[in-house]
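**Q** based on what follows, work out the 3D shape:
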Amino acid sequence: MAGSATDYLENALLNHSLGVSAYAFTSGTKYLALYSVAPTDNTTGTEVFGGAGPYARQLAAFSSSTLGSSQNTGIIDFTGMPAVTVVAIAVLDASTAGNMLFYSTLATARSLSAGDTLRVPAGGLVVTLD
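**A** Numbers count the residues shown, from 1 in each chain. Next up, the predicted model:
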């Protein structure tokens, strides 16, 4: 995931690491979300919505970190998608609302037709901290 940690996560980890305040880790469950307008450090972007599924964030399990990176351990399927162009993805700590942790624009936008499935293969999502 050639992207960024959000300001929220950067500040929480920095404060925790320097003993300013403890980071209250959320559950181990993380979710992958899709965006039609990419998030940035200053905006939340526009998350995909609708479809026959209907669209919902999907569970994303990750491997233990090695050399500053972790990857998804299983297939992540978004089924019954709306007609949309997906330009970015993000990892969040809740199935709705919650905090965005990492985000990235896609190297190539994905144009989907109504009813399509977008699949992220196991190991296809790599999150790094450098």
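**Q** C-alpha from now on. contacts and neighbour counts both.
**A** Fine.
**Q** could you pull out the helices for the protein?
**A** For the chain, the helices defined by DSSP state H cover 7-17.
**Q** buried residues of the strand ranked longest in it, list them for me.
**A** Assignment by DSSP state E gives strand 100-112 as the longest strand of the chain. Buried residues in strand 100-112, defined by neighbour count with 16 or more other Cα atoms under 10 Å: M100, L101, F102, Y103, S104, T105, L106.
**Q** ok, now how distant is the fourth one from A22?
**A** Spatial separation of Y103 from A22 under the definition Cα to Cα, to the nearest Å is 23 Å.
**Q** T96: what's it in contact with?
**A** By Cα atoms under 8 Å, 6 or more residues apart in numbering, the residues touching T96 are R57.
**Q** heads up, I number from 809, so please use that
**A** Taking 809 as the first residue, the last one we looked at is T904.
**Q** flag the shaky bits of this protein, pLDDT-wise.
**A** 809-810, 835 (pLDDT under 70).
**Q** in its sheet, what does the longest strand of the chain sit against?
**A** As defined by DSSP bridges, the strand partners of strand 908-920 come to strand 812-813 (antiparallel), strand 892-900 (antiparallel).
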